[in-house]
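Novice: my questions concern the predicted model and sequence given below.
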Amino acid sequence: MKPVIYLIFLAVLTIASCKKDSVINQTSATAAEAQKALSGTINVTLKDNNNVLWTGTNTGLIRGTGKDAILYTPTNSVLISGTIQALALGINNTIWIGTDKGLIKYTGTNWFVYTTDNGMLTNDNVKAISFDVLKNTALVKLVNNEVVKINN
């Protein structure tokens, strides 16, 4: 429980410590928009290999460096839902993002979407993600407790 509280504290601290003008995203989110994202439910947090804190909320995904933050939402990115339910770190600092409408892989430059529409999932409601580094495979738990393997 302590690590979860610590990560939530870091997420709040990251956004709170950002200068108003440094909170940015692809459509110029304001500090108020980032605060709104954090004012709701924080579902999951993840610290990547570059010490970037990723925070999944019910209104989007926040990428915080301690100096600035980027708020990703369905309107300014390829996120298929603002409800981020799971995060996992893959090889080469790849971020795996589970939502209530599918799975997204973010490589730092490219976004890849996995849903029932493209045949990659049998159910779009992703509840948990684990990454097997040895097999370079994401294990995705869906709402119906089914586990799907996706090769990186």
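Specialist: Structure received.
Novice: which secondary structure element of this structure has the lowest mean pLDDT?
Specialist: Across the helices and strands of the chain, mean confidence by mean pLDDT, DSSP states H and E is lowest for strand 23-24: a mean of 34.
Novice: what are the buried residues along stretch 73-90?
Specialist: 73, 76-77, 79-90 (16 or more other CB atoms under 10 Å). C-betas here are computed from N, CA, C, even on glycine.
Novice: which of those residues fall within strands?
Specialist: I84, Q85, A86, L87, A88, L89 (DSSP state E).
Novice: which of these lies closest to T137?
Specialist: Nearest to T137 among these: A88, at 11.1 Å, using CB to CB.
Novice: how much space between that closest one and I62?
Specialist: 17 Å (CB to CB, to the nearest Å).
Novice: endpoints of stretch 125-142, how far apart?
Specialist: One end of stretch 125-142 to the other measures 6 Å (CA to CA, to the nearest Å).
Novice: apologies, that question was intended for stretch 136-150.
Specialist: OK, stretch 136-150 end separation, CA to CA: 9 Å.
Novice: from the chain's centre, how far out does that stretch sit?
Specialist: Centroid separation for stretch 136-150 versus its chain: 16 Å, with CA atoms, centre = their mean, to the nearest Å.
Novice: OK, contacts around the closest residue to G40 other than its chain neighbours?
Specialist: Counting by CB to CB, 6 or more residues apart in numbering, G40 lies nearest to N58, which is 4.7 Å off, once chain neighbours are set aside. Listed by CB atoms under 8 Å, 6 or more residues apart in numbering, the contact set of N58 reads G40, T41, N43, G82, T83, I84.
Novice: can you tell me which of the residues you listed lies closest to N50?
Specialist: I84 (19.2 Å).
Novice: looks like W111 contacts P74 (just checking).
Specialist: No: applying CB atoms under 8 Å as the test, W111 and P74 come out as separate, 11.9 Å apart.
Novice: next, count neighbours for the closest residue to I150 other than its chain neighbours.
Specialist: Excluding the flanking residues, the one nearest I150 by CB to CB, 6+ apart is A138, at 4.6 Å. Neighbour count of A138, defined by other CB atoms under 10 Å: 22.
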